[in-house]
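Trainee: let's see this in three dimensions:
(2 chains)
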Amino acid sequence: MESYAYAVGKIRVLEKSFFPKSRLEKAALISLEAISETTYFREPVVKEEQLFSLLSNERQATYDLIGKLLENPSLSVILRLKDDLHNLKLLFKKEIDSSISADFSPIGAISPSLLEEAIHHQTFLRLPLYFREIARKSISFSQKGNARELEQFLEKEMWKPLLNKTREIKSPFLENFFKMAIDFLNLENFFSFPATAGEENFSEIFVEGGRLRKELFQEEKSVVEKKILLFYPRLNLEDLEKSTDNLLTDYLKKAKTYTFGIEPLIAYLLAKEAEAKNIKLLLLGKLNNIDSSVLKENLRETYV
Amino acid sequence: MAVNPTRMELLKLGKRFILARRGYKMLKDKQEEILHRFLKLIEENKGYRKSLEEKLVNAATRFLLIQSTMPEEILEEVLIKPEVNLEATISPEKVLNIPIPHFTLIQKGDFHIFGSFTPPSLNRVLDEYSEILKELLSLAELERKIELFAAEIERTRRRVNALEYILIPNLKETIAYIKFKLEELERGNLIRLKRIKELL
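Mentor: Have a look, this model is predicted:
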């Protein structure tokens, strides 16, 4: 634990550069030039493409920093799993349609060329252990030609290694965070699932590992709503997406009470992602002349 | 018109004149009907375009709000759906004898995304865009209809004008000329007969 003293100290300093909600709300009311001058980025943003590349660079820099500070390299790799799965999905899509020109994520722990080689030659030894089974199963889905099932499989697979790792490093804080994230994902999917589709279809997209069990979602919607509010009393079902994002950020704030340990590092990384959403919303909104009130309304809770 | 002033020609021109008058009336009626429908279409198009533009702006705003919640490369990837196919078919329809193309959109596959990488509101926006796409095709059909109606109005107007100011007056003039010539001949004949009678 004590070996994270330097890392936590560094993170505490970096946390000072986070934008508080009040500052973001003020920024929603001012012009794009004025926001650019408030130095989130080192250069003023004038084009969407520039904004996307700056955000991507910022995201990469944060992942690299946390990767360096983490003493457990396998944890750093797991945190990049989302981007690895994205790259794998894209690889299969490019195989189906070679005209697809979308870019691979630079944040993934496995390089796209290594991934491509492993999939082409079906040799998985150079892939991380937890990823081998995912890649193997993906190939069988891809051979069946069912892109939809492949997507659902990969998106579910993201959570298992994350939960296993948090149990392995014995961090109930992070385990609870990812369980909450799974619950919120299931809730959002449940409430947005088309009424015409049956429960069977919903169970196909249900992600295991959260606190809410699959059986709960087989009941009437009104019953589900009541039971969910027992689990998460502060959840606003009217504006679920924003409410879940806010609750997750609120939960992350507890990491500030940790003097040592891995929690502040991961919380910083996740809070940085949440902050990037707010910054992107503001700049993208300003670049596209979206009304300030709409931007303000859609701002998420901040870490500081 | 360069014609022989004979009774046969007069008869022929008389028939052509009646036909031209009837054609003129019919074309004039057609022109009025197309114009009436054209104006209705213009009104319909105005409202339709406006509501569609509003829908597009709303959908684009919502999409932008979602875009801000996801890294760009991930958003781009989830939106690539090789298993979804959109096919537009064109079948011709006839309105007032004008061939109008009718567009139909056929969607094969489902583009809904329920995953860990995407907010569910993306599905709602995709639904909106899917509806907008259908409406855009209807708008394209409507605007093409307007274009074709405008061309038909122009064509009919030219025909009506040609009948009204060229063919019918020409025919009238020629018929009058032949009648005059025939009467002249008749009078010449009568005088000749009277002169012969006097000589006898």
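Trainee: can you give me the strands for the chain?
Mentor: No chain was given, so I picked chain A. Per DSSP state E, chain A carries no strands over any range.
Trainee: ah, no, chain B please
Mentor: B:85-95, B:98-108.
Trainee: pull up the pairing partners for the first one, direction included.
Mentor: Strand partners for strand B:85-95, identified by DSSP bridges, are recorded as strand B:98-108 (antiparallel).
Trainee: how distant is the partner strand from the center of its chain?
Mentor: 17 Å (CA atoms, centre = their mean, to the nearest Å).
Trainee: now what about that strand, what contacts it?
Mentor: Contacts to strand B:98-108, defined as CB atoms under 8 Å, 6 or more residues apart in numbering or on different chains, come from residues B:34, B:84-94, B:130, B:133-134, B:137-138, B:140-141, B:144-145, B:148-149, B:152. Using the backbone N, CA and C atoms, a C-beta is placed for each residue, glycine as well.
Trainee: now the spatially most central residue of chain B, nearest residue through space, not along the chain?
Mentor: Nearest to the mean C-alpha position of chain B, by CA atoms, centre = their mean, lies B:Phe149 at 2.1 Å. Counting by CB to CB, 6 or more residues apart in numbering or on different chains, B:Phe38 is the residue found nearest to B:Phe149 once chain neighbours are left out, at 4.6 Å.
Trainee: do the same with B:Val160
Mentor: Closest residue to B:Val160 apart from its sequence neighbours, by CB to CB, 6+ apart: B:Leu27 at 4.9 Å.
Trainee: count the residues that sit near that neighbour.
Mentor: Neighbour count for B:Leu27, taken as other CB atoms under 10 Å in any protein chain shown: 19.
Trainee: now it: how far from chain A?
Mentor: 51 Å (CB to the nearest CB, to the nearest Å).
Trainee: in chain B, what helix or strand scores lowest on average pLDDT?
Mentor: helix B:72-78 (a mean of 83; mean pLDDT, DSSP states H and E).
Trainee: what about it, near chain A?
Mentor: Yes - contact of helix B:72-78 with chain A (CB under 8 Å from any CB of the partner chain) involves B:Glu72, B:Glu73, B:Ile74, B:Glu76, B:Glu77.
Trainee: most tightly surrounded among the strands of chain B?
Mentor: Of those, the one with the most neighbours on average (mean count of other CB atoms under 10 Å in any protein chain shown) is strand B:98-108, at a mean of 13.
Trainee: where are the low-confidence patches of chain A?
Mentor: A:1-3, A:33-44, A:145, A:195-200 (pLDDT under 70).
Trainee: how close does the residue of it most remote from its centre get to A:Ala276?
Mentor: Distance from the C-alpha centroid of chain A peaks at A:His121, with 30.4 Å (CA atoms, centre = their mean). As for A:His121, its distance to A:Ala276 is 36 Å (criterion: CB to CB, to the nearest Å).
Trainee: per-residue confidence for the residue nearest to the centre of chain B?
Mentor: Turning to B:Phe149, the model gives it a pLDDT of 94.
Trainee: residues of stretch A:287-298 that come out buried?
Mentor: Neighbour-count burial for stretch A:287-298 flags A:Leu287, A:Ile290, A:Leu295, A:Lys296, A:Asn298 (criterion: 16 or more other CB atoms under 10 Å in any protein chain shown).
Trainee: distance of the second one relative to chain B?
Mentor: Right, A:Ile290. A:Ile290 is 6 Å from chain B, by CB to the nearest CB.
Trainee: cool, and the first one?
Mentor: Here A:Leu287 is placed at a distance of 9 Å from chain B (CB to the nearest CB).
Trainee: just give the nearest non-adjacent residue to that residue, would you?
Mentor: Once flanking residues are discounted, A:Leu287 sits nearest to A:Glu48: 5.8 Å by CB to CB, 6+ apart.
Trainee: swap in the second one?
Mentor: Leaving out its chain neighbours, the residue that sits closest to A:Ile290 by CB to CB, 6+ apart is B:Thr61, at 6.0 Å.
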